[in-house]
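Undergrad: Sequence and predicted structure below; questions after.
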Amino acid sequence: MVVLELSSALESPNKRFKCSFNCPLKISEEAFLPHKISSMASVKMNFYVDLDGLLHLEGNIRVPCEFMCDRCGASFEKNLFIELNQTVSATLDEEDEFTYKDGKVALDPIIEDNIILSFPSKVLCREDCKGICQNCGMNLNDQDCICPKFIN
Ligand SMILES: [Zn+2]
Ligand SMILES: [Zn+2]
């Protein structure tokens, strides 16, 4: 568990603090199939507590992933970058999901939640991926096939 100690931030409202850490992920391996995500994310962020006692986390999350292209099926490794912009309140409101307590907050569930919410629904190996020929099954990124091309 990654626990962020907030005592300095609580003593100095609105003052920005920096931190970076590796965050173990407990997201199920099946969650994003056919893509695979690493069990460790790296996070760089600033945090501060505002005058209302609301904790702000701002930064980015990097997750090494092995993606499978939605168009051609090729697998490729790439880092997923997710912007982190999360507020955490001191007491539980109905709308809030995360709270801090006794000047401490567990970061892993927050990081995991942000990854799950921001995971791309469509992934391409490259922007202009040509995909697979519907007729012969050839990966058209590697080679053009000789099938007649139909115009839709
Ligand atoms: Zn592709
Ligand atoms: Zn073909």
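TA: The structure has been received and is ready for your questions. Ligands and ions are numbered 1, 2, ... in the order given.
Undergrad: Nearest residue to residue 86 in space, please, no chain neighbours.
TA: residue 57 (4.5 Å; CB to CB, 6 or more residues apart in numbering). (Each C-beta comes from the backbone N, C-alpha and C, glycine too.)
Undergrad: Show me where this protein has its strands.
TA: Ranges of strands within the chain are 3-5, 17-24, 36-37, 40-49, 55-68, 75-88, 104-106, based on DSSP state E.
Undergrad: Can you name the residues that contact the residue nearest the centre of the chain?
TA: The chain has residue 115 as the residue nearest its centroid, 3.2 Å off, counting by CA atoms, centre = their mean. Neighbour list for residue 115: 25, 27, 37, 41, 61, 63, 80, 82 [criterion: CB atoms under 8 Å, 6 or more residues apart in numbering].
Undergrad: Out of the residues you listed, which comes closest to ligand 2?
TA: residue 80 (31.9 Å; CB to the ion).
Undergrad: State the distance from the closest one to residue 36.
TA: From residue 80 across to residue 36, the span is 11 Å (CB to CB, to the nearest Å).
Undergrad: coming back round to it: can you list the contacts of residue 115 in TSV and add neighbour count?
TA: Formatted as TSV, these follow (neighbours: other CB atoms under 10 Å):
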residue	neighbour count
25	18
27	17
37	19
41	24
61	22
63	23
80	20
82	20
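Undergrad: between those residues, which is nearest residue 71?
TA: residue 80 (18.0 Å; CB to CB).
Undergrad: per-residue confidence at the residue nearest to the centre of the chain?
TA: For residue 115, the model assigns a pLDDT of 96.
Undergrad: can you check residue 149 too?
TA: For residue 149, pLDDT reads 71.
Undergrad: now residue 87
TA: 95.
Undergrad: Do I have it right that it meets residue 58?
TA: No - using CB atoms under 8 Å, residue 87 makes no contact with residue 58, being 9.6 Å away.
Undergrad: quick one on the thing from earlier: what residues are shared contacts of residue 80 and residue 36?
TA: residue 65.
Undergrad: Low-confidence bits of this structure, can you list those?
TA: For the chain, residues meeting the criterion pLDDT under 70 lie at 93-96, 150-152.
Undergrad: Tell me the residues of it that contact ligand 1?
TA: 69, 71, 72, 125, 129 (CB under 5 Å from the ion).
Undergrad: Thanks a lot, catch you later.
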